[in-house]
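Trainee: Sharing a model prediction with you, sequence too.
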Amino acid sequence: MVAGLGNPGERYEKTRHNAGAAVVAKLADSTHVSLRRVKSCMTLACEAEIGGAPTVLSFPQTYMNESGRAVVCLMKRYPEAVVNSLVVIHDELDLPVGVVKIKRGGGLAGHNGLKSIASYAGSKDFIRVRVGIGRPRDGVDISRWVLSRPDANERIQLELATERAAMAVQSIVRDGVEKAMNEFNSNTR
């Protein structure tokens, strides 16, 4: 199962905080499937085939701080979906704009979406595809930063990162997380 984090609605489209949702949309498009509303789980989701493996793609329609509620609800509909094979794609303040890194488990870096998933799932042992959005300059509120749209230069970098993150997810599903980490974490872009 692959969950791309973000906030629902036009207001948040193309904001830094919706980097994960953009990657899931890219994966759905590249596999020729469409995300559909799953009301009972408050998510958009679809089944796709990635690297020959059946994969569920999801964009929770809860706000970021309740992402876990939607993700865990959807996981219960798919008994084969277990926490340690869950791939969560999210924005990352601690990476420069456009950098993509893969991580399994570990700290949550203050990210409310990750905190929610860990809380609802009862575990932090899920795979993360981290899309760098960089930190704002001093004096800029972090909440305003993540919920704002990037400038033209950053937008180009984030579009490239969306492509790269989609390739990272494909590699995780096809080749396993260790091999994907070796490939994607060794490059800065």
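Mentor: Here it is on my side, so go on. The shown structure was predicted, so the numbers you read here are calculated from the model rather than taken from an experiment.

Trainee: I'd assumed residue 70 was in contact with residue 44.
Mentor: No - counting by C-beta atoms under 8 Å, residue 44 sits too far from residue 70 to count as a contact (9.4 Å). Any C-beta I mention is one placed from the backbone N, CA and C, and that applies to glycine too.

Trainee: Spit out the residues that contact the two alike.
Mentor: Each of 58, 61 lies in contact with both residue 44 and residue 70 under the rule C-beta atoms under 8 Å, 6 or more residues apart in numbering.

Trainee: pLDDT weak spots in the chain?
Mentor: For the chain, applying pLDDT under 70 flags the ranges 187-189.

Trainee: Most remote residue from the middle of it, which is it?
Mentor: Using C-alpha atoms, centre = their mean, the residue of the chain lying farthest from its centre is residue 139. It sits 27.2 Å away.

Trainee: in what helix or strand does that residue lie?
Mentor: According to DSSP states H and E, residue 139 maps onto no helix or strand at all.

Trainee: And the residue lying closest to residue 66 once chain neighbours are set aside, how far from residue 98?
Mentor: Nearest in space to residue 66, with sequence neighbours left out and distances taken as C-beta to C-beta, 6 or more residues apart in numbering, is residue 116 at 5.8 Å. Per C-beta to C-beta, to the nearest Å, residue 116 is found 26 Å from residue 98.

Trainee: How about residue 36?
Mentor: Taking C-beta to C-beta, one finds residue 36 at 30 Å from residue 98.
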